[in-house]
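Asker: here's a sequence, model it:
(2 chains)
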Amino acid sequence: MKKLLLIGWVCTVSLFAHPHVFLDTYVDVLPDKIDIRWVFDEMSSSMLMEDYDKNRDKTLDANEVAFMEKDHFKTLEPYSYFMHLFDGKKESDIQDVSNFSAVFEKRKLVYRFSIAKPSHKKYELRFYDPEMFVALIVKKNFLTCKKEKCRVEGYDADFYYAYKVVIQE
Amino acid sequence: MFSSLAIYFAEANRYFNAELSNHFRSIDEGSTSAIALIFILSFAYGVLHALGPGHGKALVAGYVLANPSKKMHVFQLGFLIAIVHALSALLVTLVANYLIHVSAMKLFRSVNPPLFQISGAFIVLLSFWLLYEVWQSRKISKERVKPHKSRFGVVLLAGIVPCPGVITLCFFAITLGHMEIGIIAAFFMSLGMGLSISLAGLLVHAFQKSRPVVTQPRWFWVLRLLGVLCVMALGIFFLLNPVSSRAF
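Answerer: Numbering: from 1, shown residues only, chains lettered A, B, ... in the order given. The predicted structure follows:
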């Protein structure tokens, strides 16, 4: 019986997430929008810079950022940019993002963008990659709210434990 | 409990990723212990990393169940899969960096989906061969089962899909001008992965040696059949569900 339990445990562990890219995810809830900042881990940053910093000057100019947005960031739209809105009844995808910018600072690539603020009084923003390739990390100190009550919690996405931000007007 | 384990697992992966980056940077700052620490961390990262899916554990478990092997053969399977997995990643990294000048992850995303499907097709073929063997032996006891060389085919099928973890590590080392250390670190990482993959096979091996299975040859045969079905299901899954080729 012990052996069976052990096998069961290993099989369950094997179904867990297997991330290769780590994004420190900063959330800033403003009166009219929500600003998101992804800070990539250093290894993934170096890979992306290799592809998008065409002149190898370790900074991203306007053309490079525009190409990065089109060739990299926008391809994440079918994945809802790893964010899902939950209004208390159903989960919906994030379709529209705006104000994209990218910089390379302190050896890390940083993406900034905004999403529209939902009209609900209370909602959740859930952060996870359904393919489990990217781990989005949200800590208490990554969250800023001006007027609303906000908190960071763990989110159990059935097979993948992730983070969510609960926002209440 | 498992949900919490999952987030610890992700956080632990992130820890190793960050620590390895820091120690690679330390080499240039003259730290003498940095290289040794990179190798130790790479080994530990490999153990942890291969606990996640996609490193051949399920295939090894299914194969060992279908084709009972000696303990030594289970270790051989686990470590050889990990080494081929790392070599494949190393090849992708070097070709990407020195021949076609794109990031290794971009090349990985191009080669991974077809490799996954090819691997899946061959795993299905292997499962039919195993099924034939198991069916033939339905009236004999486990003592007659002889380990055969098909395990080397399993090594190739499970290992050929490159490991993105090794790719990331090596590519980062190359960008910092430490290719040799990156390659050795990849080797240590593959040893760590080998240990985790072997563990999956060893658990099945231990299960096969448990009292209810040993004393009931019929159970033993049913478990072998179950192993074949696991291998077949994995192959079909790989074949029909190719990984996406998204940007990352």
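Asker: give the residue spans of chain B that score low on pLDDT.
Answerer: Along chain B, the parts satisfying pLDDT under 70 run over B:1-4, B:53-55, B:140-149, B:243-248.
Asker: can you pull out the strands in chain A?
Answerer: Here chain A has its strands, by DSSP state E, at A:21-29, A:33-40, A:83-86, A:91-93, A:97-105, A:108-116, A:122-127, A:134-137, A:143-145, A:149-157, A:160-168.
Asker: just so I know, which of those lies nearest A:A62?
Answerer: A:A62 lies closest to strand A:97-105 among the strands of chain A, at 9.8 Å (C-beta to C-beta). All C-beta atoms are positioned from the backbone trio N, CA, C, and that covers glycine.
Asker: just give me the neighbour total for A:C145.
Answerer: Residues near A:C145, counting by other C-beta atoms under 10 Å in any protein chain shown, number 16.
Asker: again with B:L91
Answerer: Neighbours around B:L91, by other C-beta under 10 Å: 15.
Asker: residues in contact with it?
Answerer: Residues in contact with B:L91 (C-beta atoms under 8 Å, 6 or more residues apart in numbering or on different chains) are B:P162.
Asker: check the secondary structure at it for me.
Answerer: helix (DSSP: H, G, I helix; E, B strand; the rest coil).
Asker: tabulate the strands of chain A (TSV), appending distance to B:L234 and mean pLDDT.
Answerer: Converted to TSV, the strands of chain A look like this (distance: least, C-beta to C-beta, whole Å; pLDDT from 0 to 100):
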stretch	distance to B:L234	mean pLDDT
strand A:21-29	25	95
strand A:33-40	32	97
strand A:83-86	29	94
strand A:91-93	30	93
strand A:97-105	37	96
strand A:108-116	35	97
strand A:122-127	30	94
strand A:134-137	24	91
strand A:143-145	40	95
strand A:149-157	23	87
strand A:160-168	20	87
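Asker: which of those sits most buried?
Answerer: strand A:134-137 (a mean of 23; mean count of other C-beta atoms under 10 Å in any protein chain shown).
Asker: from the rest of the structure, what touches that one?
Answerer: Contacts for strand A:134-137 (C-beta under 8 Å, 6+ apart): A:17, A:19-25, A:38, A:82, A:127-129, A:162-163, B:10-11, B:13-14, B:248.
Asker: quick check: the residue of chain B nearest chain A.
Answerer: B:G52 (2.8 Å; C-beta to the nearest C-beta).
Asker: how many neighbours does that residue have?
Answerer: 23.
Asker: same check on the one 10 residues further on?
Answerer: Residues contacting B:G62 under the criterion other C-beta under 10 Å number 27.
Asker: check the offset of the host helix or strand of it from the chain's centre.
Answerer: According to DSSP states H and E, B:G62 maps onto helix B:57-66. Chain-centre distance of helix B:57-66: 12 Å, with C-alpha atoms, centre = their mean, to the nearest Å.
Asker: what's that helix packed up against?
Answerer: Packed against helix B:57-66, as judged by 3 or more C-beta pairs under 8 Å, 6 or more residues apart in numbering or on different chains; DSSP states H and E, are the following elements: helix A:2-14, helix B:71-94, helix B:104-136, helix B:150-159, helix B:179-208, helix B:217-240.
Asker: got JSON lines for the ones you listed, with distance to A:M49 too?
Answerer: Supplementary listing: the helices and strands packed on helix B:57-66 in JSON lines, determined by distance: least, C-beta to C-beta, whole Å:
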{"stretch": "helix A:2-14", "distance to A:M49": "33"}
{"stretch": "helix B:71-94", "distance to A:M49": "16"}
{"stretch": "helix B:104-136", "distance to A:M49": "12"}
{"stretch": "helix B:150-159", "distance to A:M49": "30"}
{"stretch": "helix B:179-208", "distance to A:M49": "17"}
{"stretch": "helix B:217-240", "distance to A:M49": "32"}
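Asker: out of the ones you listed, the one nearest A:K70 is which?
Answerer: For these, proximity to A:K70 was assessed by C-beta to C-beta; helix B:104-136 is nearest, at 14.8 Å.
Asker: next, the buried residues of the helix holding B:G62.
Answerer: B:57-66 (16 or more other C-beta atoms under 10 Å in any protein chain shown).
Asker: same question for stretch B:34-53.
Answerer: Across stretch B:34-53, burial judged by 16+ other C-beta under 10 Å covers B:34-35, B:38-39, B:41-52.
Asker: I'd like the distance between whichever residue of chain A sits closest to chain B and B:L191.
Answerer: Going by C-beta to the nearest C-beta, chain B is nearest to A:H18 of chain A, at 2.8 Å. For A:H18, the distance to B:L191 equals 19 Å [C-beta to C-beta, to the nearest Å].
Asker: more neighbours: which of the two?
Answerer: Shown here are A:H18 and B:L191; by other C-beta under 10 Å, A:H18 has more neighbours (23 against 18).
Asker: hang on, isn't that one packed against B:L48?
Answerer: No - A:H18 is beyond contact range of B:L48, at 10.2 Å (criterion: C-beta atoms under 8 Å).
Asker: what is in contact with those two at once?
Answerer: Common neighbours of A:H18 and B:L48 (C-beta under 8 Å, 6+ apart) are B:N13.
Asker: contacts only, for residue 45.
Answerer: Using chain A. Counting by C-beta under 8 Å, 6+ apart, A:S45 makes contact with A:104, A:107-109.
Asker: not quite, I wanted chain B
Answerer: B:13, B:16-17, B:20, B:165, B:169, B:189, B:192.
Asker: 7 Å - rerun?
Answerer: B:Y45 makes contact with B:16, B:20, B:189, B:192, according to C-beta atoms under 7 Å, 6 or more residues apart in numbering or on different chains.
Asker: what helix or strand does it sit in?
Answerer: Residue-wise, B:Y45 maps onto helix B:34-49 under DSSP H and E.
Asker: that helix vs helix B:179-208, what angle?
Answerer: Relative orientation of helix B:34-49 versus helix B:179-208 (axes from the mean of the first three to the mean of the last three C-alpha atoms, to 10 degrees): 30 degrees.
Asker: tell me how far helix B:34-49 lies from the chain's centre.
Answerer: How far helix B:34-49 lies from its chain's middle: 17 Å, per C-alpha atoms, centre = their mean.
Asker: how about the CA coordinates for it, as PDB?
Answerer: The C-alpha coordinates for helix B:34-49 follow below in PDB (Å, rounded to 0.1, in the frame of the first residue of the first chain):
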ATOM      1  CA  ALA B  34      31.600  30.200  -8.500                       C
ATOM      2  CA  ILE B  35      32.300  27.400 -11.000                       C
ATOM      3  CA  ALA B  36      32.100  24.600  -8.400                       C
ATOM      4  CA  LEU B  37      28.800  26.200  -7.200                       C
ATOM      5  CA  ILE B  38      27.500  26.300 -10.700                       C
ATOM      6  CA  PHE B  39      28.100  22.600 -11.200                       C
ATOM      7  CA  ILE B  40      26.500  21.700  -7.800                       C
ATOM      8  CA  LEU B  41      23.500  24.000  -8.500                       C
ATOM      9  CA  SER B  42      23.100  22.500 -12.000                       C
ATOM     10  CA  PHE B  43      22.900  19.000 -10.600                       C
ATOM     11  CA  ALA B  44      20.300  20.000  -8.100                       C
ATOM     12  CA  TYR B  45      18.400  22.000 -10.700                       C
ATOM     13  CA  GLY B  46      18.400  18.900 -12.900                       C
ATOM     14  CA  VAL B  47      16.900  16.800 -10.200                       C
ATOM     15  CA  LEU B  48      14.200  19.300  -9.500                       C
ATOM     16  CA  HIS B  49      13.600  20.200 -13.100                       C
END
